[in-house]
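Trainee: Sequence first, then the predicted structure:
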Amino acid sequence: MRTIKKIGAAGDSLALHLGRGLLAGLLGTVAITAAQLLEMKITGRESSDAPAEAAEKVLDIEPQSKASKESMNNLVHVAYGTGWGLFRGGLDALGIRGLPATTLHWLAIWGAAAYMLPKLGLAKPITRWSGEEILTDGLNHAVYAAAAGSAYDGLRKAG
């Protein structure tokens, strides 16, 4: 049986980097969810069904009720954010850590959302967003990246 080779300066296995990343991604998802709930309370913005609608289009599925769509929306939101933690673990495996890793993580997840949602017909292109929309979305994704980065770095230090 082959084993995953040790990589990175600390000699941690790729599996350990990715496991830390998944946990950090989950914690980042909790943070962005809290930030979005606070922002919606302040601005009066309604919650988005974009995660469920993206899953419907990509997977060719359709929820059978409003409750099942809401459940799918939450599941996709959590799975997507948690999965993006793998990117953070991959950065560490490549030796990219701290603020540079957090910045790249933020740019990757925000850029992916800004590209993917218009391609799926679920949002207008970012070039047609207002300055307030760009700032709000960018800050929400920055909260995710900062929380995931802090969690990842804490997990890394803990061993």
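Mentor: In hand now; what should we look at?
Trainee: And the helix or strand hosting Ile134, how far out from the chain middle?
Mentor: Element membership of Ile134 [criterion: DSSP states H and E] is helix 131-158. Relative to its parent chain, helix 131-158 has a centroid offset of 9 Å by CA atoms, centre = their mean, to the nearest Å.
Trainee: Likewise for stretch 57-70?
Mentor: 21 Å.
Trainee: Quick check: buried residues in it?
Mentor: Going by neighbour count (16 or more other CB atoms under 10 Å), the buried part of stretch 57-70 is Lys69. No exception for glycine: its C-beta is placed from N, CA and C like everyone else's.
Trainee: got it, and stretch 115-125?
Mentor: Buried residues in stretch 115-125, defined by neighbour count with 16+ other CB under 10 Å: 117, 122-123.
Trainee: Could you measure from the residue nearest the centre of the chain over to Thr33?
Mentor: Centroid-nearest residue in the chain: Gly81, 3.2 Å away (criterion: CA atoms, centre = their mean). From Gly81 over to Thr33 the distance is 8 Å, taken as CB to CB, to the nearest Å.
Trainee: Can you show me the helices along this protein?
Mentor: Taking DSSP state H to define them, one finds helices in the chain at 14-43, 50-59, 66-93, 98-119, 131-158.
Trainee: Considering only helices and strands, which part of this structure has the lowest mean pLDDT?
Mentor: helix 50-59 (a mean of 94; mean pLDDT, DSSP states H and E).
Trainee: Which positions within it qualify as buried?
Mentor: For helix 50-59, using 16+ other CB under 10 Å, the buried residues are 50-56.
Trainee: Contacts for that helix, please.
Mentor: By CB atoms under 8 Å, 6 or more residues apart in numbering, the residues outside helix 50-59 that reach it are 61-63, 69-70, 72-74, 76-77, 80, 116-117, 120-123.
Trainee: let's go with 10 Å and repeat that
Mentor: 49, 61-63, 68-81, 113, 116-117, 119-123 (CB atoms under 10 Å, 6 or more residues apart in numbering).
Trainee: repeat for stretch 111-131
Mentor: By CB under 10 Å, 6+ apart, stretch 111-131 touches 48-51, 53-54, 56-58, 80, 84, 87, 110, 133-138, 140-141.
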